[in-house]
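> The following block contains a protein sequence and its predicted model.
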Amino acid sequence: MPKTLLPGDAMATVSPAAQAAVPVKVSEDTAWRFDVFARWPWLKRLVRVRSFQFLVMLPNLFMFYLFLIAGLFGTPVGNRNIIIVFVWILWWFLLIALLVPFGSRVWCTICPLPFFGDWAQRRAVINVRSGQSPGTENKFFGLQKRWPKQLSNIWTQNIGFLFLATFSALLVTRPIVSAAVFGTLFLVATALALFYRLRTFCNYVCPISGFLSLYAMTSTVELRSADKDTCLKCKTKSCIRGSEKGWACPWNVYMGKLDRNNYCGLCFECVKSCPNDNISLFVRPFSSSDVILRGYDEVWKACIMLVLALTYSVMLLGPWGRFKNWANLSEMHDWGGFGLFAASQALLALVIFPGLFYLSIRLAKWYARADTVPTKELFLKYAYMLVPMGLLAWIAFSVPLMMVNGSYIISVASDPLGWGMNLFGTADFPWTPLWPQWVPFLQVPILLVGLYYGLRGLHKVGRQIFTDPAQLHRSLLPPAALLVGVTLVFLKLFIG
Amino acid sequence: MNVTPATAGRAVLLRAIQIEARNAAIYESLAQLFQGCEDSVEAIFCEMAAEERQHGAQLTEQYQERFGPVPTLAEQPKEVIEAPDLHDPEALIFDSMTVVQALETGLRAEQEARDFYRQEVARTSDPELQKVYRELGEFEETHVRVLNEKLAEKRNAKNSITR
């Protein structure tokens, strides 16, 4: 946009709404995006309603309460208990296959875990409280401490998720274990809100948030400022500091420069607080824009998630009974086998696979003769290929779970606690796998889509580093070979 | 509207005063944002806010000498020139803002302003207006120099600690 001082008014910036009313191709390397709020202003009005988040969270809070009751007092039989069937079959499938790829972190908009923490900090459920708390223009309560700098990353989430995943056989079959885990997360989220600022739990501790942040990068929606120049000129920075109209960003994100979805929890407070009406929701192509991982913690998250998709597929879908028995501590009581399984999974996720990826990067550097490019830069940037691949691998893993076990949703809906109720007359609906013979025919294309987007992302970040096409292609070969190798392993698991 | 060189020069200077005031407010917002983080980051932003106010006062003096009392303008400047901004939108999440980065934020803004005024000197044919732009360019160049010195000092201090 041309900048001039003369005459002052002649170079008024184009209004954000006018700029974004039609899909625009921003630059050769930037995909199109479509301004949802400009197209459907009623949606913007809706998210601006102060009670919006409370109202969308409320049903979930009720469900969460029901799940805890079911976990504590319902039947111990997993496939007859709503906490197991609704959380680990329905919610997981919706989350990984629909909400994340098409809604970014929209789950965080409705997640009940931080509800009481937010309430305690704000002493308000709906209204905004103006005032002064460190870093904000809102009055918050509690100790308002800063989270330790050494822990200001997602390593806690990485280790937490890996730990929970190790006990997944218990988690997805024993209602009491699921209730204990979710109850603990709920208490931790509330306790942390009393001591620390804003959504410390969501940013640094919540194990679910960790993978949501990673895979939200691929999502087809983003919340962004409509016009960056407007943010540059903004004196108040209300999106992050809050105002009398909206709370300071609970996630500590500055919208003026936001360029990736990872840490935006879609609470829409910035839409309310922005004094320039400059925040909008955009639709964009899948896996197109946010392609940069910023630290080793995020790269390891990508590695952990991909490896877990693999080990889950081995455990739950593969033909090897021995592995299943090792993981199934509660029934088999094989502590040696479980120890071996836990250690192998951790070794694979934390050392072997990241090591293989590192090796591919060293090879890429050597083969492309890219001595001037720091290894760290290549390692961080090329790791993006693991993001769409990981997400699609998880979807490929989750599809058969839903198809084979989805019918439990119908029966459990009528008898959520397994107490013999029949609320909707479907309690006796038999277990009916849905076209199980078609599962591999769905898994293979899903995986190949993951491979395509992984390779595409790799090429895209590669072009940001190398200008010489020959050097670029040489640098892409080793990591691309690793990605193809990973795909082949998954294919072997899925189709034998 | 007819824009004569005299009124144009006046408008340019007036706008420059407004921009300094706006930037002081932005630095104050950034200082508040980093309350409780590394202390010196907050202090650096406060310092830069004070400097911007001082620059505004100097320009106000110049304006008064040339054109008389400074009128109050209700309208905010639409220009982006010299707008300091957080470079990293996730700096607060990762607690990654350093004093050096804070100073770099200011330096980028001052450099942008200096380059802009220099370009305007070349783009304008009117000598009176050229003079105003040149003076503003020199004004910003002084700020760039001061910030560069501060940055060098901080970097040296950091290096000596590292060693």
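Happy to help now that I have it. Numbering: from 1, shown residues only, chains lettered A, B, ... in the order given.
> Quickly find the element holding the residue of the stretch 351-496 of chain A found nearest chain B.
In the stretch 351-496 of chain A, the residue found nearest to chain B is residue A:380; the distance is 13.9 Å by CB to the nearest CB. All C-beta atoms are positioned from the backbone trio N, CA, C, and that covers glycine. For residue A:380, the host element (DSSP states H and E) is helix A:375-382.
> Would you pull up how far that helix lies from the middle of the chain?
22 Å (CA atoms, centre = their mean, to the nearest Å).
> low-scoring stretches of the chain, by residue?
In the absence of a named chain, chain A is used. Chain A contains residues with pLDDT under 70 at A:1-30.
> my bad, chain B
Judged by pLDDT under 70, the stretches of chain B that qualify are B:1-6, B:39, B:74, B:158-163.
> helix/strand/coil for residue A:282?
Secondary structure, DSSP: H, G, I helix; E, B strand; the rest coil: residue A:282 is strand.
> That one: how many residues sit nearby?
Neighbour count for residue A:282, taken as other CB atoms under 10 Å in any protein chain shown: 20.
> Setting aside sequence neighbours, what's the nearest residue to it?
Leaving aside its sequence neighbours, residue A:282 sits nearest to residue A:33 (CB to CB, 6 or more residues apart in numbering or on different chains; 4.3 Å).
> For that neighbour, give the beta-bridge partners.
residue A:24 (DSSP bridges).
> right, quick check: whichever strand or helix holds residue B:27 against chain A, any contact?
Secondary structure from DSSP H and E places residue B:27 in helix B:5-33. Yes. Using CB under 8 Å from any CB of the partner chain, helix B:5-33 reaches chain A at B:8, B:11-12, B:15-16, B:22, B:25-26, B:29-30, B:32-33.
> Against which helices or strands is that helix packed?
helix A:238-241, helix B:39-67, helix B:99-123, helix B:127-162 (3 or more CB pairs under 8 Å, 6 or more residues apart in numbering or on different chains; DSSP states H and E).
> send the alpha carbons of the very next helix or strand once past the first one over as CSV?
Spelled out, it's helix A:238-241. Proceeding N to C from helix A:238-241, the next assigned helix or strand is helix A:269-273, under DSSP H and E. Presented in CSV, the C-alpha positions along helix A:269-273 are these (Å, rounded to 0.1, in the frame of the first residue of the first chain):
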residue,chain,number,x,y,z
GLU,A,269,-12.6,-12.1,22.9
CYS,A,270,-10.4,-10.1,20.5
VAL,A,271,-13.4,-9.7,18.1
LYS,A,272,-15.2,-8.1,21.0
SER,A,273,-12.3,-6.0,22.3
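> For helix A:269-273, which outside residues touch it?
Residues outside helix A:269-273 that contact it (CB atoms under 8 Å, 6 or more residues apart in numbering or on different chains): A:37, A:44, A:47-48, A:50, A:128, A:223, A:238-240, A:242-243, A:245-250, A:255, A:279-280.
> before we move on, back to that, let me see the contact set for the residue of the stretch 351-496 of chain A closest to chain B.
Applying CB under 8 Å, 6+ apart, the residues near residue A:380 are A:292-296, A:299.
> Now the buried members of those.
Neighbour counting with 16 or more other CB atoms under 10 Å in any protein chain shown marks A:292-294, A:299 as buried within the contacts of residue A:380.
> Closest one of these to chain B?
residue A:294 (7.2 Å).
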